[in-house]
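starting from these lines, generate the structure:
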Amino acid sequence: MPVMQTTINSQLLAALTAAASDQHGLTTGLICLSTGKYSPPNAEAMPREPLPSSDWILDQTLSSRLRAALKCNPAIHDGAIMFRRPDKNSCYVHTGWSYRLFPPSGSITATANRGSAFNSGLTMSLVTGVDRLFLWSNHSLWKFESGRSQKIDLKANSTNMASS
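All right, here's what the predicted structure looks like:
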């Protein structure tokens, strides 16, 4: 039975807030959420050995799974963590670690002094099939959707921030 969109959003925000607030050793992380049969264009998995487990639903276990993945291979911190769902009524499922993102250049003006992860997330949010991206760094959480960025208040943990 499909999970309703509002459930996905509240679980998503709770999981990301916990990951951004957690001391799991990954001080900066980028998560890419997409919908469709395949990974979005402009994203490529970087080889990792050993490769931590995949194929799990994005839920409140995100922080513990990040900790376990970092113990398995500390190199997974480099690159985006990918989640995909087949349609808008399904849950996001983890599909890979350490993805290199290479959004089309010139599709949006970069934001000065924000760094490559921020600007990659912002630009990648315009790619077909990408629903949104989330970046956490220094206990801050940012959402990128349709070429716009929004800082999420971790203390408020508002469910309207992750709406579709």
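
which helix or strand in the chain has the lowest average pLDDT?
Using mean pLDDT, DSSP states H and E, helix 5-21 stands out as the lowest-scoring helix or strand of the chain, at a mean of 65.

if I read this right, Ala75 contacts Arg48, doesn't it?
Yes - counting by Cβ atoms under 8 Å, Ala75 touches Arg48, with 5.9 Å between them. The way it works is simple: take the backbone N, C-alpha and C, and place the C-beta from them, glycine included.

need the overlap of contacts for the two.
Residues touching both Ala75 and Arg48 (Cβ atoms under 8 Å, 6 or more residues apart in numbering) are Ser98.

where does the prediction get shaky in the protein?
1-9, 11, 22-26, 107, 110, 156-164 (pLDDT under 70).

related to what we said a few turns ago, need the residues that contact the following helix or strand past the least confident helix or strand of the chain.
Scanning forward in sequence from helix 5-21 by DSSP states H and E, the next helix or strand is strand 28-35. Here strand 28-35 makes contact (Cβ under 8 Å, 6+ apart) with 12, 16, 19, 40, 43, 58, 66, 77, 79-88, 92, 99, 101, 117, 120-121, 124, 129-138.

which is the next helix or strand following strand 28-35?
By DSSP H and E, the next helix or strand past strand 28-35 is strand 43-45.

quick one: list the elements packing against that next one.
Under the contact definition 3 or more Cβ pairs under 8 Å, 6 or more residues apart in numbering; DSSP states H and E, strand 43-45 sits against strand 80-85, strand 93-101.

let's check: the centremost residue of this structure is which one?
Residue closest to the average C-alpha location in the chain (Cα atoms, centre = their mean): Ile31, at 1.4 Å.

that one pairs with what?
Ile31 has these beta-bridge partners by DSSP bridges: Ile81, Phe134.

any buried residues in stretch 66-82, and which?
Neighbour counts using 16 or more other Cβ atoms under 10 Å place Leu66, Arg67, Ala69, Leu70, Ile76, His77, Gly79, Ala80, Ile81, Met82 of stretch 66-82 among the buried residues.

check contacts around the third one.
Which is Ala69. Pro52, Ser53, Ile76, Trp97.

equivalent analysis for Leu58, please.
So Leu58 contacts Gln11, Leu12, Ala15, Leu33, Phe83, Cys91, Tyr92, Val93, His94 (Cβ under 8 Å, 6+ apart).
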